[in-house]
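>>> Pasting the sequence and the predicted model now:
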Amino acid sequence: MPSLPAKLPRPPNLIVFLPDQQRADTIACYGNGKVHSPNLGKLAAEATLFQRAYVTQPVCSPSRSSLLSGTWPHANGVTRNSVPLTPKIRVLPELLTNPDYRTAYFGKWHLGDETTRQRSFQEWIATEDVGGYTEFLRAHGQRPDQPDGAFSTLAISKLPVELSKPRFLESHACRFIKENRSAPFILYVAFAEPHSPYNGPLNDEHQLAEVELDHTALVPPNNDVPLRYRLMREWQRDYAERDRQRGSDLYFFGSTPEEYRRIKQRYLGLVTLVDESIGAILKCVEEAGMAAHTIVVHTSDHGDMMGAHHLFAKEVMFEEAVRVPYLIRLPGQRSGHVVPQAVSQIDFVPTLLDLLGQAPATQCPGKSRRRLVQGEEMPPENIFIEWSPNRTKIKKGTALGSRGEVQRAIEESTRTVVLPDGWKLSLRDKDLNELYHLNDDPLEMHNLAAETRQADVLVRGRDAIRRWQATVGDPLKL
């Protein structure tokens, strides 16, 4: 009687946690132990922690296009928000060669239609627009405040914990995990938080006196920065002043350290809200006996300035906006290690495919960082970040520049390189260049782009950017 073939090892599961607009330093392992994110702290202690992970573009849709497809925004066409990702560009489930995987996407998509199942994800639960979360709120007696039957983000931000988006996603994620014990699965849990409106049920989770502001939020603003940044700063401060005059205490932006601190307090409360649901989902993984079969990944699409350089949100090349948390826990892993060298999210999809035992995808220009995840060494490389014109709001009657200068600033494009020796160069086609040495000036307070003594660094950085552009087919003229 012939012997039975040896049983093949079970393919690993994959869970990707993708909050929106989470800064790197909202987890203790990145240097801020006062943030209440114990579940992410525990995950970090058991995972590979990438100390310096950079996005491909510091705004939602373009960054997500890279995280889902492994392609550059300039190549896939998603160079600004509200642009759908073309079906010609495949996302991770469509790149799989193993048909046994069950796939699900729960939460914020931001790459096109939110409410209709997308791109080979077999399960789809929406939290944006009129989707599954809207139906959940209606079933719990909530009345939409929008003409189209949706709930505004501000209305949602005032709901109790049990009706929050993270808790809604948590329940569906745990259900999906329990229902798929016998088959390998890929699950994305895409939280909308801690994105603005910086308001939620845990606003007072952190003591206001313990909320630490960035040093650059407490010193006079540096004007040796691109005009577009100064226009953003001016508009945000004007918005804050108008909020103050209206008597609103739910502001998006601030103009004083006190306002900065209150906004950050609420922002950190949203981080805690997400952390609690991540902890509950990971507990479901443990209770289902699947930790030894599951890769767990946590990252974000970009950070948030949170008052640093007197700016809020993203859309700039400062570290607070372009650096994000990035954790990967392998199946059964119980001890962590830190990768100090810079990495790019352009390598996110190639790395996940490799960890899942899948072949490389030809559409992906990045490379797998599996060796770094497993504690081995890889030579450090140049990191590239891009910016394409998006929607920049301008204070009416601004005196920061002429109409032509302001228009040029709004239309500027940027290509940034972070060199392995710590230099960071941002070249622009229509605005001021920036050059910082992150080792000596980690807060990016001294723009050295105009200093003749740094001419060799400028040439080296410019050459690196141009070589990269030629390699990835980027036609931008700098």
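Alright, I've got the coordinates.

>>> hang on, L311 packs against Y229?
Yes. In this structure L311 lies within contact range of Y229 using Cβ atoms under 8 Å: 6.9 Å. Bear in mind the C-beta positions are built from the backbone N, C-alpha and C, glycine included.

>>> what's the neighbour count on T134?
Using other Cβ atoms under 10 Å, T134 has 22 neighbouring residues.

>>> That one falls within a helix, correct?
Yes. The assignment for T134 by DSSP: H, G, I helix; E, B strand; the rest coil puts it in a helix.

>>> gap between it and G77?
Distance of T134 to G77, given as Cβ to Cβ, to the nearest Å: 29 Å.

>>> What of K178?
38 Å.

>>> Quick check on those two: which one has the bigger neighbour count.
Per other Cβ under 10 Å, whichever of K178 and G77 has more neighbours is G77, with 16 against 13.

>>> Look up which residues are beta-bridged to T48.
For T48, the beta-bridge partners are I328, H337 (DSSP bridges).

>>> got a list of what it touches?
327-330, 336-339, 372-375 (Cβ atoms under 8 Å, 6 or more residues apart in numbering).

>>> Out of the residues you listed, who's the most crowded?
I328 (27 neighbours).

>>> can you map out the helices along the stretch 101-250 of the chain?
132-139, 153-157, 165-179, 227-246 (DSSP state H, counting those that start in this stretch).

>>> Show me what the third one is in contact with.
Residues external to helix 165-179 that are found in contact with it (Cβ under 8 Å, 6+ apart): 15, 104, 106-107, 123, 125, 127, 132-133, 136, 156, 161, 185, 187, 189-193, 273-274, 276-277, 280-281, 284-285, 288, 290.

>>> Buried among those? Need that as a selection in ChimeraX.
Restricted to buried positions by 16 or more other Cβ atoms under 10 Å, the ChimeraX selection for those reads:
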select :15,104,106,107,123,125,127,132,133,136,156,185,187,189,190,191,192,193,273,274,276,277,280,281,284,285,288,290
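
>>> quick one: secondary structure of Q363?
The three-state assignment at Q363 reads coil, by three-state DSSP.

>>> Could you tell me how far it is located from A75?
9 Å.

>>> again, but for V271
Separation of V271 from A75 (Cβ to Cβ): 32 Å.

>>> Secondary structure element holding I278?
Using DSSP states H and E, I278 sits in helix 257-287.

>>> and the first helix or strand past that helix going along the chain, what does it pack onto?
Using DSSP H and E, the helix or strand that follows helix 257-287 in sequence is strand 294-299. Contact partners of strand 294-299 among helices and strands, from 3 or more Cβ pairs under 8 Å, 6 or more residues apart in numbering; DSSP states H and E: strand 13-17, helix 38-45, helix 257-287, strand 326-329, helix 348-355.

>>> quick one: strand 294-299 to helix 38-45, angle?
110 degrees (axes from the mean of the first three to the mean of the last three Cα atoms, to 10 degrees).

>>> Going along the chain, name the strands of this structure.
With DSSP state E as the criterion, the chain has strands at 13-17, 48-54, 102-107, 123-126, 185-190, 294-299, 323-324, 326-329, 337-344, 383-387, 414-418, 423-428, 434-437.

>>> So for R64, which of those strands sits nearest?
In terms of Cβ to Cβ, the element of those nearest to R64 is strand 185-190, at 8.4 Å.

>>> Send over the closest one as PDB, restricted to the C-alpha atoms.
C-alpha atoms of strand 185-190 as PDB (Å, rounded to 0.1, in the frame of the first residue of the first chain):
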ATOM      1  CA  PHE A 185      -6.900  34.200   5.400                       C
ATOM      2  CA  ILE A 186      -5.800  37.800   4.700                       C
ATOM      3  CA  LEU A 187      -7.500  40.500   6.700                       C
ATOM      4  CA  TYR A 188      -7.100  44.300   6.500                       C
ATOM      5  CA  VAL A 189      -8.600  46.300   9.400                       C
ATOM      6  CA  ALA A 190      -8.400  49.900   8.200                       C
END
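
>>> relative to helix 165-179, how tilted is that strand?
Counting by the same axes, to 10 degrees, strand 185-190 lies at 180 degrees to helix 165-179.

>>> Strand 185-190 packs against which elements?
So strand 185-190, by 3+ Cβ pairs under 8 Å, 6+ apart, packs with strand 13-17, strand 102-107, helix 165-179.

>>> so which of the strands of the chain gets nearest A150?
Among the strands of the chain, the nearest to A150 by Cβ to Cβ is strand 123-126 (10.9 Å).

>>> ok, the closest one: who's next to it in the sheet?
Sheet pairing for strand 123-126, assigned by DSSP bridges, gives strand 102-107 (parallel).

>>> which residues make contact with the partner strand from outside it?
Against strand 102-107 from outside (Cβ under 8 Å, 6+ apart): 18, 93, 96, 118, 120-127, 165, 169, 172-173, 176, 180, 183-192.

>>> please redo it, this time with the cut-off set to 6 Å
Here strand 102-107 makes contact (Cβ atoms under 6 Å, 6 or more residues apart in numbering) with 93, 121-125, 127, 169, 172, 176, 180, 183, 185-191.

>>> Name the spans of the stretch 301-450 of the chain whose pLDDT lies under the cut-off.
Applying pLDDT under 70 to the stretch 301-450 of the chain picks out no residues at all.

>>> how about 90 then?
332-334, 391-392 (pLDDT under 90).

>>> Stretch 202-218 spans what distance, first to last residue?
Chord length of stretch 202-218, first to last residue, is 25 Å (Cα to Cα, to the nearest Å).

>>> again, but for stretch 74-91
16 Å.

>>> Test my guess that L478 contacts R428.
No. At 7.3 Å, L478 and R428 do not qualify as touching, with contact defined as Cβ atoms under 6 Å.

>>> So for the two, which residue has more residues nearby?
R428 (23 against 14).

>>> what's across from the closest residue to A190 other than its chain neighbours in the sheet?
Of all residues not flanking A190 in the chain, G107 sits nearest, at 3.3 Å (Cβ to Cβ, 6 or more residues apart in numbering). For G107, the beta-bridge partners are A126, A190 (DSSP bridges).

>>> quick one: pLDDT of G107?
The confidence metric pLDDT takes the value 97 at G107.

>>> ok, now how distant is it from E128?
8 Å.

>>> Now do the same contact list for Q345.
By Cβ under 6 Å, 6+ apart, Q345 lies in contact with 55-56, 66-67.

>>> who touches the residue nearest the centre of the chain in this structure?
In the chain, the centroid-proximal residue (Cα atoms, centre = their mean) is D301; its distance is 1.8 Å. Shown in contact with D301 (Cβ under 6 Å, 6+ apart): 60, 63-64.

>>> any idea which of those residues is closest to E444?
Looking across the contacts of D301 and measuring by Cβ to Cβ, the closest to E444 is S63, at 20.0 Å.
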